[in-house]
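Novice: here are the coordinates; sequence isn't available:
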């Protein structure tokens, strides 16, 4: 059992999550038409998910199944977002009935 | 099941690796939750690939304030609950209780914010039949709200146990389980928020 006081780490993580949320809002407003915006948003989604998993759930100390489950889940949406943004037509063709 | 044997990760003491936060049952639930949302996100991305303009325009019509408030509520309640776990681990039961109460109060802001958002939506003619973007938005966000409601009920249960000293520094798997579920639900919202509110 981990009995260290993690309060400073938890607080820094929360602050970083709040800042990243506000940054993503700014990016969405200022660079609405930018071609690369989905890439940056995808990176922020991944970063925020990874921070919650590592510092709140402590996934790096968890059973390998839990570590992998969270790692894969956190990566799915960012990867899908980038694929949809840059290869949307191909994806739509593949997903057509 | 041979794979399930716990093995230490390199560079970390054995006692600190391979743990199951909470209990196995909650991780079965979290895995199911994750699989469910992976399917829902797949529908989102297929719809987005087919109707990019509808998704571009739809996001501009949603209330960015509501999405941001819900995000801050989720992140903050997650933080408070993590602090509650941290406190009980260090034997500070009263502190753990206060952090959890704070987590509950902030978490209760989510359904309230969602209710106000829906009212705002309806006042702006945004409903489930307003187009593909809004159909996907409603079923994904409502689904998340349902999962968050289960989490809030879980907080109430754990709070009751904490009030009657049901947890200690040595045994607090129930609180750990609740925290894991709430953090997983938080991660899911952190994906939903930019997909619907930021990528306008």
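Specialist: Nice, I can see it. Just so it is clear, the model here is predicted, and its values are computed rather than measured.
Novice: which parts of chain B are helices?
Specialist: Using DSSP state H, the helices of chain B run over residues B:24-50, B:52-61, B:64-89, B:93-123, B:132-163, B:173-193.
Novice: mean pLDDT lowest where, among these?
Specialist: Ranked by mean pLDDT, those end with helix B:52-61 at the bottom, a mean of 93.
Novice: how about stretch B:166-173, does it reach chain A?
Specialist: Yes. Judged by C-beta under 8 Å from any C-beta of the partner chain, stretch B:166-173 comes into contact with chain A at B:169-170. Glycine gets a C-beta too; all of them are placed from N, C-alpha and C.
Novice: same check on stretch B:177-196?
Specialist: Yes. Interface with chain A: stretch B:177-196 contributes B:179-180, B:183-184, B:186-187, B:190-191, B:193-195 (C-beta under 8 Å from any C-beta).
Novice: redo these as JSON lines? Include neighbour count.
Specialist: Listed next are the residues of stretch B:177-196 next to chain A as JSON lines, based on neighbours: other C-beta atoms under 10 Å in any protein chain shown:
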{"residue": "B:179", "neighbour count": "30"}
{"residue": "B:180", "neighbour count": "27"}
{"residue": "B:183", "neighbour count": "28"}
{"residue": "B:184", "neighbour count": "27"}
{"residue": "B:186", "neighbour count": "28"}
{"residue": "B:187", "neighbour count": "27"}
{"residue": "B:190", "neighbour count": "27"}
{"residue": "B:191", "neighbour count": "25"}
{"residue": "B:193", "neighbour count": "23"}
{"residue": "B:194", "neighbour count": "27"}
{"residue": "B:195", "neighbour count": "22"}
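Novice: could you give the mean pLDDT of the helix or strand hosting residue A:12?
Specialist: Taking DSSP states H and E as the criterion, the element that holds residue A:12 is helix A:7-30. Per-residue pLDDT values over helix A:7-30 give a mean of 95.
Novice: how about residues contacting it?
Specialist: Contacts with helix A:7-30, where a contact means C-beta atoms under 8 Å, 6 or more residues apart in numbering or on different chains, come from A:37, A:40-41, A:44, A:47-48, A:51-52, A:55-56, B:64, B:68, B:71-72, B:75-76, B:78-79, B:82-83, B:86, B:190, B:193-194, B:197-200.
Novice: how about stretch B:133-148?
Specialist: B:33, B:36-37, B:40-41, B:43-44, B:47, B:51, B:54-55, B:57-59, B:62, B:74, B:107, B:110-111, B:114, B:126-129, B:185, B:188-189, B:192, B:196.
Novice: and that stretch, which residues are buried?
Specialist: Applying a neighbour-count criterion of 16 or more other C-beta atoms under 10 Å in any protein chain shown, one finds B:133-138, B:140-141, B:143-145, B:147-148 buried in stretch B:133-148.
Novice: which one of those residues sits closest to chain A?
Specialist: Of all the buried residues of stretch B:133-148, the one sitting nearest chain A is residue B:140; the distance, using C-beta to the nearest C-beta, is 11.6 Å.
Novice: what about the nearest residue to residue B:106 once chain neighbours are set aside, neighbour count?
Specialist: Leaving aside its chain neighbours, residue B:106 sits nearest to residue B:77 (4.1 Å; criterion: C-beta to C-beta, 6 or more residues apart in numbering or on different chains). In terms of burial, residue B:77 registers 27 neighbours under the definition other C-beta atoms under 10 Å in any protein chain shown.
Novice: so how far is chain A from residue B:77?
Specialist: Here residue B:77 is placed at a distance of 10 Å from chain A (C-beta to the nearest C-beta, to the nearest Å).
Novice: spit out the contact partners of that residue.
Specialist: Residue B:77 makes contact with B:103-104, B:106-107, B:109-110, B:182, B:186 under the criterion C-beta under 8 Å, 6+ apart.
Novice: I'd like to know which of those is nearest to chain A.
Specialist: residue B:186 (5.7 Å).
Novice: chain neighbours aside, what residue packs nearest to the closest one?
Specialist: If you skip the residues right next to it in sequence, residue B:186 has residue B:78 as its closest partner in space, 4.2 Å away by C-beta to C-beta, 6+ apart.
Novice: okay, now that neighbour: neighbour count?
Specialist: Using other C-beta under 10 Å, residue B:78 has 30 other residues around it.
Novice: wait, it touches residue A:56, no?
Specialist: Yes. Residue B:78 is in contact with residue A:56 according to C-beta atoms under 8 Å; the separation is 5.9 Å.
Novice: need the residues touching each of those two.
Specialist: Listed contacts common to residue B:78 and residue A:56 are B:183, B:186; contacts here mean C-beta under 8 Å, 6+ apart.
Novice: what's the burial count for residue 80?
Specialist: Going with chain A. 22.
Novice: chain B, not that one
Specialist: For residue B:80, the number of neighbouring residues by other C-beta under 10 Å comes to 22.
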